[in-house]
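> whatever this is, show me its structure:
(2 chains)
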Amino acid sequence: MVIRNFRKKALVGGLALVLAGSLLAGAGLAAGGSQALNADSSKPWYQTIWIEDGQVVISLDCFGGSLFHISF
Amino acid sequence: MTEKEYLDALNKALKWLPKSEKDLCFDYAREMIEDRIENGLSESEAVAQLETPQQLAKAFLEDRGSLKFKFSLPLNNVSTLILLILGFPLWGTLLLAGLMILLAGFLIAGCVPFICVVMTVSLLFVALVSISASPLVMASVSLGVGILQCGIGVIALGGLLLTALGASVTIPLFKTLVINTTQFLRSLFFQEVKKW
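Predicted coordinates for the structure are as follows:
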């Protein structure tokens, strides 16, 4: 019963966070984020979203490798 | 504790077992309770006299681990043995192919929980870095990119909850699939000597 409730809460919480994050990301784009996304060589390592070769990259680069990397 | 509460607790303690095996243990517990009720005890008194559900489950699992099996194929005459040896190139390769297909199936099925766990861990790092570093990005890159990155971090946080949920659902399913398949394969060649 506890597990079932936990799963329900995790599902609702996960979907709510994805929705909230999408709204926040939309706000960031509206605040001029899209113009500043083109990364140059001085991009700090803690920047996890940028545009490279015309593609949006979401990546976490650390220790000389990429822990997470998607581009679209 | 009522009989239902006792069986619920027993069910929780035996959650990894297939239903058919759990039913054996439930039947045993029910029988023990009914015997005591027939002897004049109330339901709660009968339940109180039993071992705790955890103790009973432990005893059942230990006993199940030492179940005896006997080979059930009819290999008791020479002609069958000769036929089996001569036919080995045929049935041996088919058996090997079947085992490889089964192994491939397990690997494919195992990919789903594995990917869920890997995604959960990597999304956790993405969420932590994205959210905690977004003020720095706001200061050093631009306000818009910082807010966008914070949004990405929140999406990653939601994604990790969903993938963790996926892992919590698919890992027990995968475990049940492996247990049921191996028990089915074992039942083809071995006959269980039941104790419960």
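> okay, now the unreliable bits of chain B?
Low-confidence segments of chain B (pLDDT under 70): B:16, B:64-75, B:191-196.
> longest helix anywhere in chain B?
Longest helix of chain B, by residue count under DSSP state H: helix B:88-140.
> next structured bit after it?
Sequence-wise, the next helix or strand downstream of helix B:88-140 (DSSP states H and E) is helix B:143-189.
> how far away from the center of its chain is that following helix?
Taking C-alpha atoms, centre = their mean, to the nearest Å, one finds helix B:143-189 lying 14 Å from the centre of the chain it belongs to.
> and chain A, is that helix touching that?
Yes. Interface with chain A: helix B:143-189 contributes B:143-162, B:164-165, B:168-169 (C-beta under 8 Å from any C-beta of the partner chain). Placement of C-beta: from N, CA and C, glycine included.
> please parse chain A into its domains.
A:1-34, A:37-72 (automatic domain parsing).
> let me have those in TSV, extended by distance to chain B, mean pLDDT and mean neighbour count.
Compiled in TSV, the domains of chain A are given as follows (distance: least, C-beta to the nearest C-beta, whole Å; pLDDT from 0 to 100; neighbours: other C-beta atoms under 10 Å in any protein chain shown):
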stretch	distance to chain B	mean pLDDT	mean neighbour count
domain A:1-34	3	82	15
domain A:37-72	4	77	14
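> for these, which one sits closest to residue B:99?
domain A:1-34 (34.6 Å; C-beta to C-beta).
> ranges for the helices of chain A?
Under DSSP H, chain A gives helices at A:2-28.
> the residue most central in space within it bridge partners, please.
Most central in chain A under C-alpha atoms, centre = their mean is residue A:58, positioned 5.9 Å from the mean C-alpha point. When assigned by DSSP bridges, residue A:58 has beta-bridge partners residue A:49, residue A:70.
> touching, it and residue A:49? I think so.
Yes. Contact criterion C-beta atoms under 8 Å: residue A:58 and residue A:49 qualify, at 5.2 Å.
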